[in-house]
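Asks: what's the 3D shape of this:
(chains A, B and C)
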Amino acid sequence: MTATATSNPIVLSLRNLRKAFGAVTVLQDIDLEIRAGEVLALLGENGAGKSTLVKILAGFESVTAGELLLHAVAAEGNVRVDAHWQQARAEAEGVILIHQELNLVEQLTVAENIFLGHELTRGPFLDKFTMRRLTREYLAALECDIDPDTPMHTLAVSAKQMVEIAKTQSKQARVLILDEPTAVLTQKESQVLFALIERLRQQGVAIVYISHKLDEIAQIADRITILRDGTLVGHYAAQDLSQDDMARLMVGRELSDLFPPRSSTPDYQQCALRVTRLLVAGTNTPVSFELQRGEILGFAGLVGSGRTALLETVVGLRAAARANTGTLEVADKPVVLRDLATARRHNIAYLTKDRKGSGLLLDKGLVMNFSLFALSNYAGLLIHKKQEEVALAAVVDAFDIRIKDANVLAGNLSGGNQQKLLLAKMLAAKPSVLIFDEPTRGIDIGTKGQIYQFINQLAASGHSIILISSDITEIIGLSDRVAVMYHGDLTGILKDDEIEEHEIMRYATGLKSRQQIPVPIQRAIG
Amino acid sequence: MRSLIKILSLACAGFLGMGAGLVAVMVPSTLVAQTIGVSIPAATHGWAGGLNYHAEQTKARLEAAHPGLSIVIVTAGSASEQANDLEDLVAVHNIDALVILPFESAPLTGPVSNVKRGGVFITVVDRGLSEPGIQDVYVAGNNTEMGRVSGEYIKEALGGSGDIVVLRGIPTVVDEQRFDGFMASIAGSGINVLDNQYANWNRDDGFTVMQDFLARFPKIDAVWAQDDDIAIGVIQAVRQAGREDDLFIVGGAGMKEIVKRVMDGDRLTPVDVLYPPAMISTAMELTALKFIANMPVEGEYILGSPLITRDNAEQYYFPESPF
Amino acid sequence: MPTIDLKTAGPFVALLLIFGIGILVSDAFLSAGNLTNILARSSFIGIVAIGATFVITAGGIDLSVGSLAAFISGCMILLMNSLVDTIDSPIAIVLLAMLASVGIGAVAGLVNGLLTTRAKIEAFIVTLGTMGIYRSLVTYMADGGTLSLNFGIGDVYSAVYYNTLFGLPYPVWVFLAVAVIAYVLLNMTVFGRHCFAVGSNENVARYSAINVDRVKTATYILQGVCVAIATIIYVPRLGSASGQTGILWELEAIAAVIIGGTVLKGGYGRIWGAVVGALMLTLIGNILNLTDSVSNYLNGAVQGIIVIVAVYLQRGSWRKH
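Replies: A predicted model of the protein is given here:
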């Protein structure tokens, strides 16, 4: 923004930090200085280690090796705190993290949430009056008109985010860490947040800011630290970097390295899946789209834009808003998908984004997980255990699942290997239409590349693929066409030259829409 | 407007009703119908089933004979439930007398004493209260006597010496008294108790425990099963082992199946010892007598535990009773 | 496999230990009569426990089994007594009653299953409710007393409990047959695999195209049928049913299942474990009856300690794994 403030006093610093989960190192050789009255932006691809880094700063994760230093408030000098830097201590020192996944108690009211854990009291009783008054003040500072007594669960996601931000004002923050706060906010709400950040910065609060939106970074950051694959790329003054520079430094390679060139083109004469005027429960705009044979159709959108809900409704995992709304055609034949088993019979498979919660039985071995979705392929009256094992061995080979022991439990596999096992599980049903929901979430860059290869090969061999992803580079790198969703509506389907980050974001934020839905004028690009 | 009038008139009717109730309460008790409350354990096992049967029979007989008399029977599944029942009997049914077979002695002493303070005539059955002086009438079987009668019979039938096994009920005062009475009666004789085990007043446990006794002891001359439900299980186990001719079984209580066997002269069950659930009838009749004839009935009535033999079995046989 | 799986072997080792104690305690223990008694006696709880293994493996619980056994016993006896005058052949009457028994068991299981899956009430509450219902129904049917089977039919039917085949009583053969069928069903079929999946993680099962509600309901039906089979061999033993019949069977069956290595929270079940667990519980009772070295008053304590130790040993070997 304006002047760099490198001379400001350091509040918190890291030296030679290393963080490992078991045998997997996720952060290495990280040096970092957080200074008062300065906005430090953390940039990096998904999985670069930003979230882990800020969790360490806020005491949610421990340091494996290296130093975490808390700098002098008074004359005590710098204190090395890494060994006993727990969340309570961090919060006591004024280091506060606002998580990407909101941390609110849905059943409580706004005021109760804001003072959760440090309730104000008068004698033995809660001082509800003061808490309500302060809540109103905090929210007013954010130009946010929410009643303090509103139950949390009745609020929209963006309002919840504002409450989460308001919560920090009830604590004396010295370091405020925001992990993708604008992902669910509108442009206008984002601008209000930026004004608050600016005010806090002037009060001498150190801000650590994570976002994928490079224009935001350019607008508010003083310094930028870029991470790639768990290592430090460098520290930069914000005015020295263009948005292009940022993207280049983040990715560190040409996109073509990660995303293999497509060896095939979709057959636009053959429709693999046609969804017509499907109404998802909780939305009011019917959705229609087509998936062609051999096509990779990307589904982009912000978190909560309704992509998962739409496709889970398509495959019968969720009930539609009303019975008989919309029609489905698989290979031009009308079908009714009551449940996932019916979808499977029509050669449709769905890969959940919740690998641990809905994808794999973590306390079971590989065989049971692998064959669960397509068990009838390996069973007559009885299960053919030999066949299962032979098939699994082939799959372990084909997908390069790295295991030391054939009896390992799925829960003990690395994220990448779990994801490959999950892929193998759905492919065991020999589907022709594949729906991947966040297929590379939380896995390392090497495995990501392998998964992109698989997806490409599948498309080349005539499979039709829907790819839901929040990683926009992934969507751009793989998709033939990109469907974009905003608040449950499919705002547009982009192809060819339109498939570009800014254009996708315009549809994803509701600024642009092919559908005839009204777009508020004031949200137009300013 | 019309609805307002309706409400007002309803309210007036309510006041009148209350007044009428007050009048009824103030009228001397001899002028209105008498109500006897009967509080007993629910019919969850055979003996209690018999108890309920006899209570219902007696209620029907007394109410038919004395039109002014009404009897309310309530059954409870636990001591605390029974305490609640007592409150209802007083508050709702406005009883003049209470006949109660307490679930447990100690927990119900207080509640019964409260009922007594309200001027209600109290008859306690089978299990005495923990404090003296609360009840007006006490009707009970005699557990010690029941054990003694059983022991005396076995001693006599075996000619003073032999090996026996004992199946007991559930560890309670009732079981203790019966067992102690039995042991006292055979003390000093040549009767040797090989072992005793709890069979929980239950047919299945009677069967299992007896099977194990039969496996363990090659020579058993007699079995004291203490209770007729246990005895039914014992009979099956003995038959399975084919040892019907080597021993005999003495049960207890007077269950109709066993009394029938005695009546028919079954060698395996030559006698039974009475501990009748019909004692509730005795208690109800005595209590009713107090009001109908104003006879002095206050006192303690301890029923004997006569030996039921082939000769007298008929008078203890109630084919219609569930027990 | 060359290595011995401690977690599988655990219950068998514990069973052998208790067996050893039995030999030391009494000469009568090893007699053929006593051993067949133990086997026949275990068959009721054992068969019920086999059904419970399915329910628990799929993440459910059924507390109504003991009451259901009493209720089915009562129904069978009333049915047979009422058919005496209309059907001449006692064998036909007994067969009809057996058929009715299985029917009632299956319907009772279906009710438990639908209430938990469709009405979305916790299995604990549903089966606690049906437990009370069946128990009081049988008390009502017996007027608080005992229902007794017609003497003539009882004579014919008693063969089912007392007669033997190759030296073993019929109930033991039934027990064995049920165990073998259940083993195949749980470990070698798609349905069994689905039980494991549903108990391990319902969500994963749903995302694997498994009809979770149907699998759960099926386990309750199986449980009901197992209770019916247990009742079919129970009724001829004493030919009677009362409010006391089958009391605490649910807890004994669940204990047998857990002793055998099935995990109470679901996802892991072992049929042979349940068989061993049922044998173990019966053995403990038998040994206590065969000795007077333990005070009668402490029988419950001894049983409790052995159950806890048996499960502890088995879980201890889990950790080493």
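Asks: CA atoms for contacts and neighbours, from now on please.
Replies: Noted.
Asks: Find the residue at the geometric middle of chain B.
Replies: B:P277 (4.1 Å; C-alpha atoms, centre = their mean).
Asks: Three-state assignment for that one, please.
Replies: Judged by DSSP: H, G, I helix; E, B strand; the rest coil, the three-state class of B:P277 is coil.
Asks: following the one helix or strand A:R132 maps to, which helix or strand comes up?
Replies: Assessed by DSSP states H and E, A:R132 sits inside helix A:128-141. Next in sequence after helix A:128-141, counting helices and strands by DSSP H and E, comes helix A:157-169.
Asks: Remind me what that next one packs against, helices and strands.
Replies: Under the contact criterion of 3 or more C-alpha pairs under 8 Å, 6 or more residues apart in numbering or on different chains; DSSP states H and E, helix A:157-169 touches strand A:95-98, helix A:110-114, helix A:128-141.
Asks: Pull it out as CSV, backbone CA atoms only.
Replies: The C-alpha coordinates for helix A:157-169 follow below in CSV (Å, rounded to 0.1, in the frame of the first residue of the first chain):
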residue,chain,number,x,y,z
VAL,A,157,-21.8,-17.7,6.2
SER,A,158,-20.6,-14.2,5.5
ALA,A,159,-22.3,-12.8,8.6
LYS,A,160,-20.7,-15.6,10.6
GLN,A,161,-17.3,-14.6,9.3
MET,A,162,-18.0,-11.0,10.4
VAL,A,163,-18.9,-12.3,13.9
GLU,A,164,-15.6,-14.2,14.0
ILE,A,165,-13.8,-11.1,13.1
ALA,A,166,-15.7,-9.0,15.6
LYS,A,167,-14.7,-11.6,18.2
THR,A,168,-11.1,-10.6,18.0
GLN,A,169,-12.0,-7.1,19.2
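Asks: Sort out which residues of that helix are buried, please.
Replies: Within helix A:157-169, the residues that qualify as buried are A:157-169, counting by 16 or more other C-alpha atoms under 10 Å in any protein chain shown.
Asks: Kindly report the same for stretch A:106-122.
Replies: Neighbour-count burial for stretch A:106-122 flags A:108-115 (criterion: 16+ other C-alpha under 10 Å).
Asks: Likewise for stretch C:69-86?
Replies: C:69-81, C:83.
Asks: mind listing which of the residues you listed are in helices?
Replies: C:69-81, C:83 (DSSP state H).
Asks: Return the closest of these with respect to chain B.
Replies: Closest approach to chain B among these (C-alpha to the nearest C-alpha): C:A70, at 12.1 Å.
Asks: Who are the contact partners of the closest one?
Replies: Counting by C-alpha atoms under 8 Å, 6 or more residues apart in numbering or on different chains, C:A70 makes contact with C:134-135, C:138, C:231, C:241-246.
Asks: Over to C:V102?
Replies: C:V102 makes contacts with C:224-225, C:228-229, as judged by C-alpha under 8 Å, 6+ apart.
Asks: For the residues you listed, give me JSON lines that also has neighbour count, distance to C:A310 and secondary structure.
Replies: Formatted as JSON lines, the contacts of C:V102 follow (neighbours: other C-alpha atoms under 10 Å in any protein chain shown; distance: C-alpha to C-alpha, whole Å; DSSP: H, G, I helix; E, B strand; the rest coil):
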{"residue": "C:G224", "neighbour count": "32", "distance to C:A310": "28", "secondary structure": "helix"}
{"residue": "C:V225", "neighbour count": "24", "distance to C:A310": "29", "secondary structure": "helix"}
{"residue": "C:A228", "neighbour count": "29", "distance to C:A310": "29", "secondary structure": "helix"}
{"residue": "C:I229", "neighbour count": "25", "distance to C:A310": "28", "secondary structure": "helix"}
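Asks: got these as TSV, with distance to B:P322 and pLDDT columns?
Replies: Listed next are these as TSV, based on distance: C-alpha to C-alpha, whole Å; pLDDT from 0 to 100:
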residue	distance to B:P322	pLDDT
C:G224	29	97
C:V225	30	98
C:A228	26	97
C:I229	28	97
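Asks: what pLDDT does A:K188 get?
Replies: For A:K188, the model assigns a pLDDT of 78.
Asks: For it, pull up the helix or strand it's in.
Replies: Assigned by DSSP H and E, A:K188 falls within helix A:187-202.
Asks: I'd like the next helix or strand past that helix.
Replies: Counting by DSSP H and E, the next helix or strand C-terminal to helix A:187-202 is strand A:206-210.
Asks: So which residues make contact with that next one?
Replies: The contact list for strand A:206-210 (C-alpha under 8 Å, 6+ apart) reads A:11, A:34-43, A:50, A:174-181, A:197, A:201, A:221.
Asks: No further questions, thank you.
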